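J.: compute the structure for the input listed below.
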Amino acid sequence: MPKDWSGSVDLHLDVDTAGGRRAGLEHALRAAIAAGRLAPGAALPSTRALAAELGFSRGTVTAAYDQLIAEGHLVTVPGSGTRVAATAAPRVPAAGPQVSGVPDEPLHDLRPGRPDLGAFPSGAWLRSTRRVLASAPPGAHALGDPRGRPELREALAGYLGRARGVHADPARMVITSGYAQSLGLLASVLAGPFAMEEPGHFFHRAVVARAGIGIVPLPVDDLGARPDALDGAGAAVLTPAHQYPSGATLHPERRRAFTARARETGAVIVEDDYDGEFRYDRQPVGALQGTAPEHVVYGGTTSKTLAPALRLGWLVLPARLVEPVTEAKRLADAHTQSLAQLVLADLIGTHAFDRHVRASRLRYRRRRDLLVETLRARVPRVRVRGVAAGLHVLVLLPPGGPDEDEIMRRAAAAGLALMPLRDHWQDPAGRPQGLIIGYSTPLAAAYRPALDALCTVLETRT
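T.: Numbers count the residues shown, from 1 in each chain. Okay, the predicted model is just below:
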């Protein structure tokens with residue numbers, strides 16, 4: 001009868017018995033320790049279990065263990081069996097190149113793009129997780145509909161209709177692993193070129209370009225993106241509620257013009273509603289999708305309301321795009337992980353999500369007010385734009401300097417992380433210079449010191 005391996009120990013060893021079983025086992029153990037496959041402190045199988053696994057006598061394994069203990073490679077720990085010695089020094093391979101885009105943690109961080117992670121609703125998330133784990137059927141842990149869990153699509157349909165004015169049919173929604181994936185899926189199924197806001201998000205341009213889609217600039221002014229540049233484009237990516245990074249709100253006449261051109265030309269408008277929940281000085285602007293649901297794709301995410309690491313986003317699609325986007329999602333990664341989807345659905349259903357958003361809106365408004373007041377008092381020469389909504393402002397630098405290069409040098413010396421405006425232009429030559437300040441990024445206790453560092457960097461020096 002063949003050996004049953006279902007109960008085998010989880011230890012891979014290449015044992016060469018040409019010179020004897022004991023010598024071969026000793027050499028295999030030394031090699032695994034030296035290579036780091038058996039790390040310091042790692043537990044080894046009992047002599048009985050390893051002997052049964054290898055087909056050796058228990059005495060052979062015991063003798064091999066004793067030899068490596070005598071050499072200092074292994075130690076016996078009362079109650080814990082045999083382990084690799086803490087002093088065992090594996091060979092460390094040469095360090096590879098540093099991963100780009102992962103900088104050292106700065107002393108002060110005012111870059112845009114994330115909420116106050118210290119305010120994550122851990123208690124509510126834990127309560128929802130417990131309810132989900134107690135009630136979820138076994139099938140919830142299997143791959144399912146590429147569009148995502150029906151519970152979350154139902155919950156989001158109600159929330160988006162109520163809070164953002166979106167016409168959201170759960171059957172026409174696809175849950176994604178964040179907005180970047182949403183945009184990548186759309187770039188794989190829509191005709192190009194893509195008209196993208198100028199200035200606009202450089203990473204989103206890179207996502208579209210990687211899909212092999214041409215990009216044409218969509219100029220932005222104080223009224224938002226200009227619809228005349230849509231001619232000839234297969235799609236236009238807009239941030240109508242709060243343009244990134246200028247902060248402009250798309251004017252009502254331009255909203256109507258964009259949807260009219262989409263109807264006439266067959267172009268698709270992609271609405272990136274990345275921070276639409278955070279409006280401070282007037283009633284929130286409803287989603288553009290609500291005015292033309294068959295011509296506008298609505299994209300949302302938890303990156304600003306909860307945390308970017310959740311990797312949860314969603315698309316509300318025109319009927320004709322549901323099948324191709326669903327197939328693109330299936331081929332990309334089959335399915336966004338279910339547990340976080342179910343937890344978010346519970347958060348929305350119990351209104352814990354609404355309570356968190358309201359509390360965040362009040363907290364971020366206070367932060368915005370403090371930022372604007374501090375800059376007005378200490379650095380009145382700069383102009384602050386886009387203050388009515390969102391989690392960032394645009395600080396335009398005065399023509400007389402200091403310029404972006406000088407500011408970034410000063411910031412680096414002060415341990416202050418900032419985002420220059422230049423990165424957001426397709427061609428920055430001759431463009432206005434400024435900084436995009438994310439006032440939601442620092443933890444609560446770190447906010448005032450970060451503002452002080454910012455003002456010190458911005459103040460004119462003689």
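J.: can you give me the helices for the chain?
T.: 21-34, 47-54, 58-70, 122-135, 150-164, 179-189, 202-210, 252-265, 319-333, 338-349, 352-378, 404-414, 447-458 (DSSP state H).
J.: and the ones you listed as TSV, adding mean neighbour count?
T.: For the C-beta atoms, the positions are set from N, CA and C on the backbone; glycine is no exception. Output for these, formatted as TSV (neighbours: other C-beta atoms under 10 Å):
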stretch	mean neighbour count
helix 21-34	19
helix 47-54	18
helix 58-70	17
helix 122-135	14
helix 150-164	19
helix 179-189	22
helix 202-210	17
helix 252-265	16
helix 319-333	16
helix 338-349	22
helix 352-378	16
helix 404-414	16
helix 447-458	19
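J.: determine which of the ones you listed approaches R172 most closely.
T.: Nearest of those to R172, taken as C-beta to C-beta: helix 319-333 at 5.2 Å.
J.: relative to helix 179-189, how tilted is that closest one?
T.: Taking axes from the mean of the first three to the mean of the last three C-alpha atoms, to 10 degrees, one finds helix 319-333 and helix 179-189 inclined to each other by 110 degrees.
J.: okay if I get the helices of the chain as CSV plus mean pLDDT and distance to L394?
T.: Listed next are the helices of the chain as CSV, based on pLDDT from 0 to 100; distance: least, C-beta to C-beta, whole Å:
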stretch, mean pLDDT, distance to L394
helix 21-34, 92, 55
helix 47-54, 90, 64
helix 58-70, 93, 63
helix 122-135, 96, 32
helix 150-164, 96, 23
helix 179-189, 97, 20
helix 202-210, 95, 15
helix 252-265, 95, 19
helix 319-333, 97, 32
helix 338-349, 97, 31
helix 352-378, 96, 12
helix 404-414, 95, 13
helix 447-458, 96, 14
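J.: how about the ones you listed, which one is nearest M196?
T.: helix 202-210 (5.8 Å).
J.: let me see the contact set for the closest residue to H27 other than its chain neighbours.
T.: Distances taken as C-beta to C-beta, 6 or more residues apart in numbering place D16 nearest to H27, at 7.0 Å, with adjacent residues excluded. Residues near D16 by C-beta atoms under 8 Å, 6 or more residues apart in numbering: 24, 27-28.
J.: what does D16 show for phi and psi?
T.: Phi and psi for D16, reported as degrees, to the nearest 10, are phi -100, psi 110.
J.: so for it, what's the pLDDT?
T.: pLDDT recorded at D16 is 91.
J.: next, count neighbours for V285.
T.: The tally of other residues near V285 (other C-beta atoms under 10 Å) stands at 20.
J.: OK, contacts around it?
T.: Here V285 is in contact with 240-241, 249, 276, 279 (C-beta under 8 Å, 6+ apart).
J.: contact partners for the residue nearest the centre of the chain?
T.: Centroid-nearest residue in the chain, with C-alpha atoms, centre = their mean: P308, separated by 3.8 Å. Contact analysis of P308 by C-beta under 8 Å, 6+ apart lists 113-114, 178, 302.
J.: among the residues you listed, who's most crowded?
T.: T302 (21 neighbours).
J.: against G400, how distant is the closest residue to it other than its chain neighbours?
T.: Ranked by C-beta to C-beta, 6+ apart and with sequence neighbours excluded, the top spatial neighbour of T302 is L312, at 4.6 Å. Here L312 is placed at a distance of 45 Å from G400 (C-beta to C-beta, to the nearest Å).
J.: which one of those two has more residues nearby?
T.: Neighbour comparison, L312 and G400: the larger count goes to L312, with 27 against 8 (by other C-beta under 10 Å).
J.: thought the more buried one was touching T305?
T.: No - using C-beta atoms under 8 Å, L312 is not in contact with T305; the gap is 9.9 Å.
J.: tell me the domain ranges of this structure?
T.: 21-84, 122-355, 362-458 (the TED database).
J.: and of those domains, who's closest to L107?
T.: Distance to L107, taken as C-beta to C-beta, is lowest for domain 362-458 among the domains of the chain, at 3.1 Å.
J.: any idea how far the closest one is from the chain center?
T.: Offset of domain 362-458 from its chain centre (C-alpha atoms, centre = their mean, to the nearest Å): 22 Å.
J.: ends of it, how far apart?
T.: Terminal residues of domain 362-458 are spaced 27 Å apart (C-alpha to C-alpha, to the nearest Å).
J.: check stretch 115-130 too.
T.: 25 Å.
J.: can you list contacts of that stretch?
T.: 303-307, 339, 343-344, 346-347, 350, 352, 355-356, 359-360, 363-364, 391, 440-444.
J.: roughly how far is that stretch from the heart of the chain?
T.: Relative to its chain's centre, stretch 115-130 lies at 17 Å (C-alpha atoms, centre = their mean).
J.: hmm, L190 is touching V268, no?
T.: Yes - at 5.6 Å, L190 counts as touching V268 under the criterion of C-beta under 8 Å.
J.: which of those two has more residues huddled nearby?
T.: In terms of neighbours (other C-beta under 10 Å), V268 is the more surrounded of L190 and V268; the figures are 24 against 20.
J.: and for that one, nearest residue in space, chain neighbours not counted?
T.: Among residues not flanking V268 along the chain, A235 sits closest, at 4.6 Å (C-beta to C-beta, 6+ apart).
J.: from memory that neighbour sits against V270, does it?
T.: Yes - using C-beta under 8 Å, A235 makes contact with V270 at a distance of 5.9 Å.
J.: please enumerate the shared neighbours of these two.
T.: What both A235 and V270 touch, as defined by C-beta under 8 Å, 6+ apart, is the set L186.
J.: what sits against the residue nearest to T302?
T.: 175-178, 301-302, 306, 336, 340-341, 344.
J.: adding distance to V395, write the contacts of D16 out as CSV.
T.: Output for these, formatted as CSV (distance: C-beta to C-beta, whole Å):
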residue, distance to V395
G24, 68
H27, 64
A28, 62
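J.: residues in contact with the nearest residue to H295 once chain neighbours are set aside?
T.: The shortest distance from H295 to any non-neighbouring residue, by C-beta to C-beta, 6+ apart, is to A262 (4.0 Å). Residues in contact with A262, defined by C-beta under 8 Å, 6+ apart, are 230, 236, 268-269, 292, 295-296.
J.: how far away is A262 from A235?
T.: Distance from A262 to A235, by C-beta to C-beta: 9 Å.
J.: which neighbours do these two share?
T.: Joint contacts of A262 and A235 (C-beta under 8 Å, 6+ apart) are 268-269.
J.: tell me, how many residues neighbour the residue lying closest to L315 once chain neighbours are set aside?
T.: Leaving aside its sequence neighbours, L315 sits nearest to V174 (C-beta to C-beta, 6+ apart; 4.8 Å). When counting by other C-beta under 10 Å, one arrives at 26 neighbours for V174.
J.: these two touch, right, V174 and E323?
T.: No - judged on C-beta under 8 Å, V174 makes no contact with E323 at a distance of 10.5 Å.
J.: V296 contacts R263, correct?
T.: No - using C-beta under 8 Å, V296 makes no contact with R263, being 10.5 Å away.
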